[in-house]
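[1] For reference, the sequence and a predicted model appear below.
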Amino acid sequence: MITIRCAKCKRKIFKYEKIGKGRLWHCWHDRIAEDRSLRSGNEVRCECGNLIGIAERKWIKMKQQSFECSGAITKK
């Protein structure tokens, strides 16, 4: 599990099960264990108003400069 935090205010947004190495481009909806984000339409935001990503059908397309990750990544 990794913790995804807002780059501006450092609040927790997601607890997410990241599988494999590489950057986090998408967050699959079924791998999100804990969700503290605010949603308006298809926009995913932090409580401070920072845009984290855009929700699409199967995943959330993450905006690269608006979040930070920490934690252990599960290997495939």
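    Nice, thanks for sending it over.

[2] pLDDT-wise, which helix or strand of the protein ranks last?
    strand 67-71 (a mean of 90; mean pLDDT, DSSP states H and E).

[3] Do you have the helices of the protein handy? List them.
    With helices called from DSSP state H, the chain shows none.

[4] Okay, now the unreliable bits of it?
    Within the chain, the stretches with pLDDT under 70 are 76.

[5] where along it do the strands fall?
    According to DSSP state E, the chain carries its strands in the segments 2-6, 12-16, 26-28, 32-35, 38-40, 43-45, 51-55, 59-62, 67-71.

[6] So which of those is the most surrounded?
    Of all the strands of the chain, strand 12-16 has the most neighbours on average by mean count of other C-beta atoms under 10 Å, namely a mean of 21. C-betas here are computed from N, CA, C, even on glycine.

[7] Name every strand pairing with that one and say which way it goes.
    strand 2-6 (antiparallel), strand 32-35 (antiparallel) (DSSP bridges).

[8] Count residues in the vicinity of the residue lying closest to K75 once chain neighbours are set aside, would you?
    Among residues not flanking K75 along the chain, G20 sits closest, at 7.1 Å (C-beta to C-beta, 6 or more residues apart in numbering). Close neighbours of G20, defined as other C-beta atoms under 10 Å, add up to 8.

[9] let's number from 12 now, not from 1
    Got it, the first residue is 12 from now on, which makes the last one we talked about G31.

[10] before we move on, the earlier item: out of the strands paired with strand 23-27, which comes closest to C57?
    strand 13-17 (4.0 Å; C-beta to C-beta).

[11] measure the residue nearest to K32 when sequence neighbours are not counted to R47 for me?
    Nearest non-adjacent residue to K32, counting by C-beta to C-beta, 6+ apart: I84, 6.6 Å away. Distance from I84 to R47, counting by C-beta to C-beta, to the nearest Å: 21 Å.

[12] what's the answer for A18, then?
    15 Å.

[13] Kindly report the same for I65.
    18 Å.

[14] what's C57 in contact with, if anything?
    C57 is in contact with C17, K19, C20, R22, I24, S48, L49, I63, counting by C-beta atoms under 8 Å, 6 or more residues apart in numbering.

[15] Let's see that with 6 Å instead.
    Residues near C57 by C-beta atoms under 6 Å, 6 or more residues apart in numbering: C17, R22, I24, I63.
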